[in-house]
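J.: This is the structure alone, sequence omitted:
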Ligand code: TRP
């Protein structure tokens, strides 16, 4: 199967986006939108509700926030179609038919689902043996362990529909989403085998940067772990967060030799500081001893402000006119819906449910 040059990605509107999103997906969106083909950016409110069913207000209010984050970084509505998932009901319709093509076992064993279930304190059943495991894995805030909803368990099916409704061939995502894309390809293959060839293969595009650590040194930057630097953070927030950053716990005195490996400040400098020669020099000095944490932190604060300053300014300017943002989303959603309707009529024909055509 050949993949199309249409691209599609999305964010769950559950909070403002951070540097991890910037490196993991936003930068890829910006690069890809200049290539040939159609480009879709979806605000995945339906997916966000799968684990926020009790908090629709949170999802609603973050729709505009994630739109602002993407626009401010340079995802361009002239090149990329911005749309809201729930406003394209064809996606939900296709999900229903795709449900028949994924097994409960596939979903329950999907590595993305399993990891997210452990993080969110979801179990298959309170009677299951994995209950104690999850309790151990969950952080304090997630200790209200609950049975997973069918909606959450099935979100990979709904995501397959997000992608295949638009016949997207290229999907820029974080590494953690790869098993979800494998599920997408499995569904597409099964659909084609049963009903005739409608869908093509989907390819994940991963970012070049390895996963960005949180400021606390934990492997992943995440809002729920409270270790994120947000794209909308003020210079004061950035300063405070960098000053708290995990370095080398044994580097007590300036004169002590320090460790670069595992040191979050150097991880960030490697990614964001364009003066690689200077960073190499700082690393050598740090390892030798005689270079204090404050010096490297001050440098990182300046570097991050160079990256985030223009984004923050653009974001603030855009945020002054929320009506215009909603117009962008509405216009994009209309275009997306027209595409979705084309696919749905093909799907209905293939499924032999095109009764009144
Ligand atoms: N699951 C993705 C995330 O949590 C968001 C998403 C929803 C998505 N639908 C998508 C990403 C379709 C790519 C393609 O980040």
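T.: Sure thing, it's come through. Computed from a predicted model, the values in this text were never measured in an experiment.

J.: going forward, measure contacts and count neighbours with C-alpha atoms only.
T.: OK.

J.: Sketch out the low-pLDDT regions of the stretch 151-300 of the chain for me.
T.: Flagging of the stretch 151-300 of the chain using pLDDT under 70 yields the residue ranges 210.

J.: Which strand or helix spans whichever residue of the stretch 51-200 of the chain sits closest to the ligand?
T.: The stretch 51-200 of the chain approaches the ligand most closely through residue 159 (4.7 Å), counting by Cα to the nearest ligand atom. When secondary structure is defined using DSSP states H and E, the element that contains residue 159 is helix 155-165.

J.: residues from the chain in reach of the ligand?
T.: Contact residues (Cα under 6 Å from any ligand atom) of the chain with the ligand: 8-12, 44, 159, 162-163, 171, 173.

J.: Would you format those as a markdown table with neighbour count, secondary structure and distance to residue 188 included?
T.: Supplementary listing: these in a markdown table, determined by neighbours: other Cα atoms under 10 Å; DSSP: H, G, I helix; E, B strand; the rest coil; distance: Cα to Cα, whole Å:
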| residue | neighbour count | secondary structure | distance to residue 188 |
| --- | --- | --- | --- |
| 8 | 24 | strand | 16 |
| 9 | 23 | strand | 18 |
| 10 | 26 | strand | 19 |
| 11 | 22 | strand | 22 |
| 12 | 20 | coil | 23 |
| 44 | 22 | coil | 21 |
| 159 | 23 | helix | 12 |
| 162 | 27 | helix | 12 |
| 163 | 24 | helix | 10 |
| 171 | 27 | strand | 15 |
| 173 | 23 | coil | 19 |
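
J.: Leaving out chain neighbours, which residue sits closest to residue 125?
T.: Nearest in space to residue 125, with sequence neighbours left out and distances taken as Cα to Cα, 6 or more residues apart in numbering, is residue 147 at 5.2 Å.

J.: just checking, the residue of the stretch 51-200 of the chain closest to the ligand touches residue 184?
T.: Yes: in this structure, residue 159 is within contact of residue 184 by Cα atoms under 8 Å, at 7.4 Å.

J.: picking up where we left off before, pretty sure the residue nearest to residue 125 is touching residue 118, no?
T.: No: the pair residue 147 and residue 118 does not pass the contact test of Cα under 8 Å, sitting 11.4 Å apart.

J.: Looking at these two now, which is surrounded by more residues?
T.: More neighbours sit around residue 118 than around the other of residue 147 and residue 118, counting by other Cα atoms under 10 Å; the figures are 21 against 15.

J.: farthest residue from the center of this protein?
T.: Of all residues in the chain, residue 255 has its C-alpha farthest from the mean position, at 40.9 Å, by Cα atoms, centre = their mean.

J.: Was I right to think it contacts residue 290?
T.: Yes: with contact taken as Cα under 8 Å, residue 255 and residue 290 are classed as touching, separated by 4.1 Å.

J.: Show me what the lengthiest helix in the chain is packed up against.
T.: For the chain, the longest helix by residue count, based on DSSP state H, is helix 322-350. In this structure, helix 322-350 packs against helix 56-73, strand 81-84, helix 89-98, helix 155-165, with contacts taken as 3 or more Cα pairs under 8 Å, 6 or more residues apart in numbering; DSSP states H and E.

J.: quick one, phi/psi of the residue nearest to residue 125?
T.: With angles defined as degrees, to the nearest 10, residue 147 shows backbone torsions of phi -60, psi 140.

J.: Provide the partner residues of it in its beta bridges.
T.: For residue 147, the beta-bridge assignment (DSSP bridges) gives partners residue 123.

J.: Would you check how far apart it and residue 99 are?
T.: In this structure, residue 147 and residue 99 are separated by 20 Å, where distance is defined by Cα to Cα, to the nearest Å.

J.: check contacts around residue 102.
T.: With contacts defined as Cα atoms under 8 Å, 6 or more residues apart in numbering, the neighbours of residue 102 are 157, 183, 186-187.

J.: Could you rerun that using 10 Å?
T.: Residue 102 is in contact with 154, 156-157, 183-184, 186-187, 190, counting by Cα atoms under 10 Å, 6 or more residues apart in numbering.

J.: and the gap between it and residue 319?
T.: 41 Å.

J.: Then residue 67?
T.: Separation of residue 67 from residue 319 (Cα to Cα): 10 Å.

J.: any residues in contact with both of these two?
T.: Shared contacts of residue 67 and residue 319 (Cα under 10 Å, 6+ apart): residue 325.

J.: ok, these two, which is more surrounded?
T.: For residue 67 against residue 319, the residue with the higher neighbour count under other Cα under 10 Å is residue 67, and the figures read 27 against 18.

J.: Looks like that one contacts residue 11 (just checking).
T.: Yes: distance between residue 67 and residue 11: 9.2 Å, which falls inside the contact criterion (Cα atoms under 10 Å).

J.: between those two, what contacts are shared?
T.: Common contact partners of residue 67 and residue 11 (Cα under 10 Å, 6+ apart): 17, 41-43.
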